[in-house]
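Novice: A predicted structure for the sequence below; I have some questions about it.
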Amino acid sequence: MDAVKEVISLLKEKADAKHHAGLKRFGIANEKALGVKIPEVRKIAKLIKRDHDLAQALWDTDIHEARILASMIDDPKLVTAQQIDNWTKDFTTWDVCDQVCGNLFDRTPHVVDKAIEFSAHGEEFVKRTGFVLMAEYSIHGKKAADDTFISFFPIIEREAWDDRNFVKKAVNWALRQIGKRNATLRPLAIQCAGRILLQDSKAAKWIAGDALRELSAPPKPYPAGK
């Protein structure tokens, strides 16, 4: 049995029919899913560890959980800009998009360039990827300079008009997450939200209003050094 078949067999052993049916309640198409919960996928990833070639092979299966697993075992140092483009074009559900961004893409050297590039894309999930990368990088990019995130604010303002569900929620997430990164970025995010609130767009007003509710609340302690 080759490695891909062995991994798929492991995933099938953890499949849960109730979880599979429940995916649709969260807006996730389950036609290509096995019904494996994320904690179980992570357990399998820990057994495999890093394997760039296996990650690509798993991605090529087009199985929902296999693709999420691929993002957990791939090596960020080996991920090219072309791979990011190729995988992003395959996104059809928000959870695979978010998992891949948070497990892999935001740890590559291409994260900032791709966040900016994808933010102006016309396809819904590609555009979502741009803003999810901003949000996830604000969490995982521990050594990233504030200027990087400040440069995202004009982009967030520019795209706040987009009322497509998976885009506007990602724009909102990026704004909130950047604002929560540290005491320097928080007031700048609040100012950004204030400007967005003035836009003549229902989506923009929702993005700004929701962000302001969270960012205007007393902040939780920031990580050491922030």
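Specialist: Received, thanks.
Novice: could you check how far Ile84 is from Ile28?
Specialist: 22 Å (CB to CB, to the nearest Å). In this view, the C-beta of every residue, glycine as well, is placed from N, C-alpha and C.
Novice: so which of the two has more stuff around it?
Specialist: Ranked by neighbour count (other CB atoms under 10 Å), Ile84 and Ile28 place Ile84 first, with 23 against 15.
Novice: mind checking the SS state of the more buried one?
Specialist: Local secondary structure at Ile84 is given as helix here, using DSSP: H, G, I helix; E, B strand; the rest coil.
Novice: in the strand or helix carrying Ala189, what's buried?
Specialist: Ala189 is part of helix 185-197, with elements assigned from DSSP states H and E. Buried residues in helix 185-197, counted by 16 or more other CB atoms under 10 Å: Leu185, Arg186, Ala189, Ile190, Cys192, Ala193, Ile196, Leu197.
Novice: after the lowest-mean-pLDDT helix or strand in the chain, next one along is what?
Specialist: The helix or strand of the chain with the poorest confidence is helix 17-22; it has a mean of 91 (mean pLDDT, DSSP states H and E). Sequence-wise, the next helix or strand downstream of helix 17-22 (DSSP H and E) is helix 38-48.
Novice: pLDDT averaged over the top helix by length along the chain - what is it?
Specialist: For the chain, the helix with the greatest residue count under DSSP state H is helix 124-140. When pLDDT is averaged along helix 124-140, the result is 98.
Novice: please name every helix or strand in contact with that helix.
Specialist: On a contact count with 3 or more CB pairs under 8 Å, 6 or more residues apart in numbering; DSSP states H and E, helix 124-140 meets helix 81-89, helix 94-103, helix 111-118, helix 146-150, helix 153-158, helix 165-179.
Novice: neighbouring contacts of the last one?
Specialist: If you take CB atoms under 8 Å, 6 or more residues apart in numbering as the criterion, helix 165-179 is touched by 94, 97, 124-125, 127-128, 130-132, 134-136, 138-139, 149, 152-153, 156, 159-160, 162, 185-186, 188-190, 192-193, 196, 203, 206-207, 210-211, 214-215.
Novice: stretch 8-15 too?
Specialist: 1, 34-37, 40-41, 44, 47, 61, 63, 65-66, 69.
Novice: now the buried members of those residues.
Specialist: Buried among the contacts of stretch 8-15 (16+ other CB under 10 Å): Leu34, Gly35, Val36, Glu40, Val41, Ile44, Thr61, Ile63, Glu65, Ala66, Leu69.
Novice: pick out the residue nearest the middle of the protein.
Specialist: What sits nearest the mean C-alpha location of the chain, by CA atoms, centre = their mean, is Asp98, with 3.0 Å.
Novice: look up how far His52 lies from the residue lying closest to that one once chain neighbours are set aside.
Specialist: Excluding its sequence neighbours, the residue lying closest to Asp98 (CB to CB, 6 or more residues apart in numbering) is Val132, at 5.5 Å. From Val132 over to His52 the distance is 22 Å, taken as CB to CB.
Novice: which one of those two has more residues nearby?
Specialist: Legend: neighbour count by other CB under 10 Å for Val132 and His52, higher for Val132 (30 against 16).
Novice: so what's the more buried one up against?
Specialist: Cys97, Asp98, Cys101, Gly102, Ala170, Trp173, Ala174.
Novice: got any ranges where the chain has weak pLDDT?
Specialist: 1, 219-226 (pLDDT under 70).
Novice: outline the domain layout of this protein.
Specialist: Segmentation of the chain into domains, based on automatic domain parsing, reads 1-74, 81-226.
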